[in-house]
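Novice: Could you work out the structure for the sequence below:
(chains A and B)
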Amino acid sequence: DAKTTQPPSMDCAEGRAANLPCNHSTISGNEYVYWYRQIHSQGPQYIIHGLKNNETNEMASLIITEDRKSSTLILPHATLRDTAVYYCIAARQTGANNLFFGTGTRLTVIP
Amino acid sequence: GAGVSQTPSNKVTEKGKYVELRCDPISGHTALYWYRQSLGQGPEFLIYFQGTGAADDSGLPNDRFFAVRPEGSVSTLKIQRTERGDSAVYLCASRHSGTGSYEQYFGPGTRLTVT
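Specialist: Below is the predicted model:
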């Protein structure tokens, strides 16, 4: 699976949009981009995934560049409960689909 | 419905002892995963079950680690002759592999401390 690169940490003011970038320049054509987050002392939680089109659900939006080499997770109105480590993962939707998490981005939402 | 549950939540054991960690997946989920998370790191894949069989055990670090899922539901991760380096949070996840959905649902983890 392709390696992803994320900034180690980011801050965001409460109520503002949080934009979390991810680089995946070696992503292959059949790999999806997944985002999970992990709130302190909990297991990871699925957020959203996409292949090449932008995606939106009740939690977030995912913007994937046309060349698919990078993406951005957008939390439109960050709350204190969004403070967590966010992981961007490239994975195929075949076979085991085991996830390579990396070290993620620690997002801190500031009151 | 109930999520993935893991027991115990915390386990302290002495070096050299044997431990078993249990995972109860979401009912009906045929895919089950074990991951290990060391402090400050992301989770690392250990093993994947599809039904009762271990379809991918490439992440198990050595032969002291073994996992079973005899009836295709509950899984047990077994660690023999524990070492201090085995101290970590062990996470279990399950997935419904028949719906085309690839989201994994994680349990809260078992924190293992080897003294």
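Novice: Now name the helix or strand holding the residue nearest the centre of chain B.
Specialist: By C-alpha atoms, centre = their mean, chain B has its centre lying nearest to B:Trp34, at 3.2 Å. Take DSSP states H and E as the rule and B:Trp34 turns out to sit in strand B:31-37.
Novice: circling back: quick check: nearest residue in space to the residue nearest to the centre of chain B, chain neighbours excluded?
Specialist: Leaving aside its sequence neighbours, B:Trp34 sits nearest to B:Leu46 (C-beta to C-beta, 6 or more residues apart in numbering or on different chains; 4.2 Å). Placement of C-beta: from N, CA and C, glycine included.
Novice: related to what we said a few turns ago, gap between the residue nearest to the centre of chain B and A:Pro7?
Specialist: 29 Å (C-beta to C-beta, to the nearest Å).
Novice: same thing with A:Pro21?
Specialist: 7 Å.
Novice: burial count for A:Ser28?
Specialist: 11 (other C-beta atoms under 10 Å in any protein chain shown).
Novice: ok, back up a step: now do the next helix or strand along the chain from the strand holding B:Trp34, average pLDDT.
Specialist: Toward the C-terminus, strand B:31-37 is succeeded by strand B:44-50 as the next helix or strand (DSSP H and E). The pLDDT scores in strand B:44-50 average 95.
Novice: Buried by neighbour count: which residues of strand B:44-50 qualify?
Specialist: B:44-50 (16 or more other C-beta atoms under 10 Å in any protein chain shown).
Novice: neighbouring contacts of whichever helix or strand comes after that strand?
Specialist: Later in the chain than strand B:44-50, the nearest helix or strand by DSSP H and E is strand B:53-56. With contact meaning C-beta atoms under 8 Å, 6 or more residues apart in numbering or on different chains, strand B:53-56 is reached by A:95-96, A:98, B:47-49, B:67, B:69.
Novice: swap in stretch B:2-20?
Specialist: A:43, B:21-27, B:76-84, B:90-94, B:105-115.
Novice: Run the chain-centre distance for it.
Specialist: 10 Å (C-alpha atoms, centre = their mean, to the nearest Å).
Novice: Past the helix or strand of chain B with the lowest mean pLDDT, which element shows up next along the chain?
Specialist: In chain B, the helix or strand scored least confidently by mean pLDDT, DSSP states H and E is strand B:53-56, which has a mean of 90. Downstream of strand B:53-56, the next assigned helix or strand under DSSP H and E is strand B:65-68.
Novice: near chain A, anything from that next one?
Specialist: No: applying C-beta under 8 Å from any C-beta of the partner chain, one finds strand B:65-68 out of contact with chain A, separated by at least 13.4 Å.
Novice: in that strand, what counts as buried?
Specialist: Quick answer for strand B:65-68 (16+ other C-beta under 10 Å): B:65, B:67.
Novice: That one pairs with which strands, and in what direction?
Specialist: Strand pairing for strand B:65-68, determined by DSSP bridges: strand B:75-79 (antiparallel).
Novice: Quick one: end-to-end distance for stretch A:87-106.
Specialist: 9 Å (C-alpha to C-alpha, to the nearest Å).
Novice: same deal with stretch B:35-54?
Specialist: Stretch B:35-54: ends 14 Å apart by C-alpha to C-alpha.
Novice: any weak-confidence spans in chain B?
Specialist: B:1, B:99-100 (pLDDT under 70).
Novice: repeat that with 90
Specialist: B:1-2, B:55, B:96-103 (pLDDT under 90).
Novice: For it, which residues are neighbours of chain A?
Specialist: So chain B meets chain A at B:4, B:31, B:33, B:35, B:40-45, B:48, B:50, B:55-56, B:59, B:91, B:93, B:95, B:102-109 (C-beta under 8 Å from any C-beta).
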